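>>> Build me a model from this:
(one chain, ligands or ions: 1)
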Amino acid sequence: MEKYELLKDIGYGNFGVTKLMRNKETKELVAAKYLPRGETIDDKVVREIVNHRSLRHPNIIQFMEVMLTPTHLVIVMEYAAGGELFERICSTGRFSEDEARYFFQQLICGVSYCHQLQVCHRDLKLENTLLDGSPSPKLKICDFGYSKSTLLHSQPKSAVGTPAYIAPEILAWKEYDGKMADVWSCGVTLYVMLVGAYPFEDPNDTKNFRKTIERIRAVRYKIPPHVHISSDCKHLLSQIFVANPARRITMQEIKNHIWYLKNLPRELSEAAQANYGYLRDNNVPTSSTGCLQSVIEIMQIVKEARIPPPVSQSDDEINWENDEQEEQEGEQDTSKNKEEQQHSTQKGKEHERSAHKGNDEQESSARNRKEEEH
Ligand SMILES: Nc1ncnc2c1ncn2[C@@H]1O[C@H](COP(=O)(O)OP(=O)(O)OP(=O)(O)O)[C@@H](O)[C@H]1O
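Next comes the predicted model:
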């Protein structure tokens, strides 16, 4: 990791920490996800890396490389300075229809591109859609931990994802079409942007998962009377929230829907997006793809990362080449358990902070839901 200098911790996931780092030579900022070596590096991580590596699109966080430290496997990727779309909703309560459409169009382009490359994401939600730091923010899909490639993997049948976003067919515990489940999750994302609450949650009983599941199965949702949504938008939602995936609107049909097409930026038009729909050769590392490592190289690094580090080594031994930061690291990353504790406290603090940002009842419903997931 000598190539990068540490700037700060961005946040904690279930298994590790993501750090903001800077390429010493190019000065480019990157996000580096640190996963402890050993048993954490399971097939899910391999899938995340291989699928993410195969994608290159403006609405997807760019995978860059994987590296090994004495204690961690590090996934280096594009840094999204604008944070999670979720936080933006928490601070504003909900979006106007135009603003929601602006983000939804980008979400659909990113997801549609993944589907063209036969990758379904399976955990689409506002927390997995980041924003770059520009004044007209670009949406960037991240976290391919649950992704599946229909070229490389079997048809999905496990119930993965986040309850509020999960499609009814996933609850049936049978094989399902991951792409159509992604369409449903895009619909939930759109609803949350517009309403500031989850469509299938009882606003008076947000923590009751059983009720949420029942409502998903029955496709029971409504638009609260105080939220004005155009009939075109309601129509699109009604086409997405269809229990039978065979009857649900497809990604292509969404892209032809009148509500989606309104104010569609030129770069998101079908013609412009056609440039992205090609499969990358897994074994050709090329700078034009954003990733300099071939899948073979990556697999070798991952294989090594599966071997636990010698007991004597700790994160303190990572050479950050910055004494002050090294001290912070020593304090912060001495064990996975400690990391997990910090994860929960940090998330708690983050949400405490965001709780002060808005007082919309719907917003608090969305926020509570996220706390529940963690
Ligand atoms: N490329 C990135 N740019 C900016 N922030 C990022 C980037 N990737 C992740 N983050 C942020 O870093 C934090 C940790 O992310 P990470 O993906 O490890 O965890 P998570 O998505 O919360 O949980 P999980 O372990 O289930 O994936 C989150 O707050 C996330 O928004």
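>>> Now do the same contact list for the closest residue to K138 other than its chain neighbours.
Counting by C-beta to C-beta, 6 or more residues apart in numbering, K138 lies nearest to D132, which is 4.5 Å off, once chain neighbours are set aside. In this view, the C-beta of every residue, glycine as well, is placed from N, C-alpha and C. The neighbours of D132, taking C-beta atoms under 8 Å, 6 or more residues apart in numbering as the test, are 80-82, 138, 140.
>>> okay if I get those as a markdown table plus pLDDT?
Converted to a markdown table, the contacts of D132 look like this (pLDDT from 0 to 100):
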| residue | pLDDT |
| --- | --- |
| A80 | 97 |
| A81 | 97 |
| G82 | 96 |
| K138 | 96 |
| K140 | 98 |
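>>> Which of those residues fall within strands?
Among these, the members found in strands (DSSP state E) are K140.
>>> Out of the contacts of D132, the closest to the ligand would be?
Using C-beta to the nearest ligand atom, A80 is the member of those that sits closest to the ligand, with 3.9 Å.
>>> I'd say the closest one and D143 touch.
No: if you go by C-beta atoms under 8 Å, A80 and D143 don't touch, sitting 11.5 Å apart.
>>> How about the residues of this structure by the ligand?
Listed as neighbours of the ligand in the chain under the rule C-beta under 6 Å from any ligand atom: 10-15, 18, 31, 33, 61, 77-80, 84, 130, 142-143, 145.
>>> cutoff 5 Å now
10-11, 13-14, 18, 31, 61, 77, 79-80, 84, 142-143 (C-beta under 5 Å from any ligand atom).
>>> Which members of those are the farthest-apart pair?
N14 and Y79 (20.4 Å; C-beta to C-beta).
>>> So between the two, which is more surrounded?
A count of neighbours by other C-beta atoms under 10 Å puts Y79 above the other of N14 and Y79, at 24 against 10.
>>> so who does that one touch?
20, 29-31 are the contacts of Y79 under C-beta under 8 Å, 6+ apart.
>>> Can you tell me which of these is closest to the ligand?
Minimum distance to the ligand across the contacts of Y79 is 3.4 Å, recorded for A31 (C-beta to the nearest ligand atom).
>>> In which helix or strand does K33 reside?
Using DSSP states H and E, K33 sits in strand 29-36.
>>> Follow the chain on from that strand and name the next helix or strand.
Going down the chain from strand 29-36, the next helix or strand is helix 43-53, by DSSP H and E.
>>> re earlier: now the contacts of D132: which count as buried?
Of all those considered here, the ones buried according to neighbour count by 16 or more other C-beta atoms under 10 Å are 80, 82, 138, 140.
>>> Show the contacting residues for the last one.
With contacts defined as C-beta under 8 Å, 6+ apart, K140 is in contact with 59-61, 78, 80, 110, 129-132.
>>> Swap in 10 Å and give it another go.
Applying C-beta atoms under 10 Å, 6 or more residues apart in numbering, we find K140 in contact with 57-62, 77-80, 82, 85, 106, 110, 128-132.
>>> Also the third one?
Counting by C-beta under 10 Å, 6+ apart, K138 makes contact with 58-59, 80, 82, 103, 106, 110, 130-132, 267.
>>> 7 Å instead, please
58-59, 106, 131-132 (C-beta atoms under 7 Å, 6 or more residues apart in numbering).
>>> With the first one instead?
For A80, the contacting residues are 61, 130-132, 140, by C-beta under 7 Å, 6+ apart.
>>> try 10 Å
The contact partners of A80, by C-beta under 10 Å, 6+ apart, come to 10, 29, 31, 61-62, 129-133, 137-142.
>>> For those, point out the one with the lowest pLDDT.
Looking at the contacts of A80 by pLDDT, the weakest one is G133, with 90.
>>> what about that residue, how many neighbours?
Using other C-beta under 10 Å, G133 has 12 other residues around it.
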